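J.: just a sequence and a predicted model for now, questions to come.
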Amino acid sequence: MEKRASIPINRLQTILKKRIFQTWFLLQELLKKPFKFWLYYRVFFQKKEEKEHLSERWGASLYNRCIFKEKTFPIIWFHAASVGETASLLELIKSLSESKNYNILLTTVTYSAKQLTKQYLVKNPHLSLFHQYAPLDVPSWIHRFLDNWKPSAAIFVESELWPVRLKICKNRKIPVMLVGARLSPKSAKYWNYFPFLLKIILDCFTWISPQNEKTLELLQHFNPNVSFLPIIDLKSFKPRLSVDHNLLLFLKENFAHKKIFIAVSTHPYEEKFFYNAKKKLKKTEEWLFIIAPRHPERAKEISAQLRNAPLKSQQEYPKNSDAFWIIDTIGELGTFLASSDCAFIGGSLYRKGDGHNPYEALQFNLKIATGPWKSNWQEVYLKLADKVTTIHSEEEFLRWIETPLSHLENFPYESQKMNKIINLANIIHKTILAVK
């Protein structure tokens, strides 16, 4: 009997990769109706989607490339999940729009990210930038979206590893880049159960720019054949937060007799920590504690925890007897950082905390602290150990806040940031030109 010829391993991998994508595409198509029901639920019950823009979530855009003034300029599609990732992209978007003549389509998932984009456009009306909500990862919806906008390139941020849009872009020969890539050890542990899946997803990227050394090591472990750029911490690209000088003057005049502490991006249970700590301050009446929650929709719940603390969104201002003030508005954080004496970066006081970006507060040359749980920012905080204090307990917090800081050095930020942005914009431009 003749022996059957064995199929080469490379051929087997190609067949397996094709079958995996085909199965995933079919599954996503079958889930179209449940996805639509879920979106309507988010509109009417959770108030997390805009009804008039809901069709954008299934790829039916309300506009097309004619919305741009220069209709012949190529379009770069940027996608960021939420407000933090969006803020980190804005300066790069500005550089590409101004110096490289690109139209920029920015998709996000959250309303707060959309509002941030609108505010940035008010200050930079000349930018060729348009926002819409991102379509869900369903093949027919992604095809509809791409047919409408016809982008020349796609740039995703951090951990946006969506198989459908990545594979469709690759099939259409649209270069896809991942900037500020982040893969936490916790996520890597889950991917270890399906290493081949992550490998074929990473194959869809033209290149990846990792956020830190740990992410680079993990991604190279899963797919050493991917092209990697030097490490770029995208969160350091965020523009300096704007300051409303009229509001700042009002704060300084009305709270001149108070020392101001601000807790930024707080999560559940952290507000209770500050509530208990404030009662133990030696001169607690001299302090006003400002709470800026990561998710402003929690504001009323937090207010109830803090004895009906006033809400900025309701135009409520603290009386002399008020210990707390909740800032649940968008676009005013810079003003409150500018008026504060010290700041705490939240998302870091509970065991599963990932931490948050310290760069925004550092630009205002404040005394800054954070908690011990900051898994997504370990390398950044190690570099900033001389500028940011790590607090492990209520006693350490009280010691930190009551100890005056004799000297604060200016953070050397802008010049370093602009050089990195220009270099990255040049690499993106060359990548797009190489495909033409």
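T.: Sure thing, it's come through.
J.: Asn223 and Ile208 touch, don't they?
T.: No: checked against Cβ atoms under 8 Å, the pair Asn223 and Ile208 is beyond contact range at 9.2 Å. For every residue, glycine as well, the C-beta is placed using N, CA and C.
J.: so what's in contact with those two at the same time?
T.: Counting by Cβ atoms under 8 Å, 6 or more residues apart in numbering, the common neighbours of Asn223 and Ile208 are Leu202.
J.: so which of those two has more stuff around it?
T.: When neighbours are counted by other Cβ atoms under 10 Å, Ile208 comes out ahead of the other of Asn223 and Ile208, with 22 against 18.
J.: next one: that one from Ile201, what distance?
T.: As defined by Cβ to Cβ, to the nearest Å, Ile208 lies at a distance of 11 Å from Ile201.
J.: what does Leu136 give?
T.: 17 Å.
J.: now swap in Ala256 and tell me
T.: Separation of Ala256 from Ile201 (Cβ to Cβ) stands at 55 Å.
J.: more neighbours, the two?
T.: It is Ile201, of Ala256 and Ile201, that has more neighbours when counted by other Cβ under 10 Å, with 20 against 7.
J.: what's in contact with the helix or strand hosting that one?
T.: Assigned by DSSP states H and E, Ile201 belongs to helix 195-202. In this structure, residues lying in contact with helix 195-202 by Cβ under 8 Å, 6+ apart are 16-17, 20-21, 161, 163, 166, 191, 208, 219, 222-223, 226.
J.: again with stretch 168-177
T.: Contact with stretch 168-177 is made by 139, 142-143, 146, 151-156, 166, 203-209, 428, 431-432, 434-435, as judged by Cβ under 8 Å, 6+ apart.
J.: so how do I select the buried members of the residues you listed in ChimeraX?
T.: Here is the ChimeraX command that picks out the buried ones among those, judged by 16 or more other Cβ atoms under 10 Å:
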select :139,142,143,146,151,152,153,154,155,156,166,204,205,206,207,208,209,428,431,432
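J.: narrow the contacts of stretch 168-177 to those in strands?
T.: Ala153, Ala154, Ile155, Phe156, Trp207, Ile208, Ser209 (DSSP state E).
J.: was I right about Ser128 contacting Glu70?
T.: Yes: Ser128 lies in contact with Glu70 (Cβ under 8 Å); the separation is 6.3 Å.
J.: compare those two (neighbour count), which wins?
T.: Ser128 (19 against 10).
J.: contact partners for the more buried one?
T.: Contacts for Ser128 (Cβ under 8 Å, 6+ apart) come out as Phe68, Lys69, Glu70, Phe73, Ser97, Tyr102, Asn103, Ile104.
J.: between these, which is nearest Ser375?
T.: Nearest to Ser375 out of the contacts of Ser128 is Ile104 (Cβ to Cβ; 31.4 Å).
J.: can I assume that closest one sits in a strand?
T.: Yes: per DSSP: H, G, I helix; E, B strand; the rest coil, Ile104 lies within a strand segment.
J.: beta-bridge partners for it, please?
T.: Beta-bridge partners recorded for Ile104 (DSSP bridges): Ile76, Leu129.
J.: quick check: buried residues in the helix holding Ile201?
T.: Buried residues in helix 195-202, counted by 16+ other Cβ under 10 Å: Leu197, Leu198, Lys199, Ile200, Ile201, Leu202.
J.: for the residue positioned nearest the centre of the chain, which non-adjacent residue is closest in space?
T.: With distances taken as Cα atoms, centre = their mean, the residue of the chain nearest its centroid is Glu85 (2.1 Å). In this structure, Glu85 finds its nearest non-sequential neighbour in Val157, 4.6 Å apart by Cβ to Cβ, 6 or more residues apart in numbering.
J.: the stretch 151-300 of the chain: helices as residue ranges?
T.: Ranges of helices within the stretch 151-300 of the chain are 163-171, 185-191, 195-202, 213-222, 245-254, 270-279, 299-305, based on DSSP state H, counting those that start in this stretch.
J.: worst mean pLDDT among these?
T.: Of all these, mean pLDDT reaches its minimum on helix 185-191 (a mean of 85).
J.: by contact count, what packs against it?
T.: Counting contacts by 3 or more Cβ pairs under 8 Å, 6 or more residues apart in numbering; DSSP states H and E, helix 185-191 is packed against helix 213-222.
J.: list the helices and strands the helix it packs on packs on?
T.: Contact partners of helix 213-222 among helices and strands, from 3+ Cβ pairs under 8 Å, 6+ apart: helix 185-191, helix 195-202, strand 207-210, helix 378-383.
J.: which residues does the closest residue to Pro293 other than its chain neighbours contact?
T.: Excluding its sequence neighbours, the residue lying closest to Pro293 (Cβ to Cβ, 6+ apart) is Thr266, at 5.1 Å. Residues near Thr266 by Cβ under 8 Å, 6+ apart: Phe274, Ile291, Ala292, Pro293, Arg294, Ile302, Gly346, Gly347.
J.: as a markdown table, these with distance to His79 and neighbour count would be great.
T.: Output for the contacts of Thr266, formatted as a markdown table (distance: Cβ to Cβ, whole Å; neighbours: other Cβ atoms under 10 Å):
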| residue | distance to His79 | neighbour count |
| --- | --- | --- |
| Phe274 | 35 | 23 |
| Ile291 | 31 | 27 |
| Ala292 | 26 | 23 |
| Pro293 | 25 | 22 |
| Arg294 | 21 | 17 |
| Ile302 | 31 | 23 |
| Gly346 | 26 | 25 |
| Gly347 | 23 | 23 |
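J.: cool, thanks, talk later.
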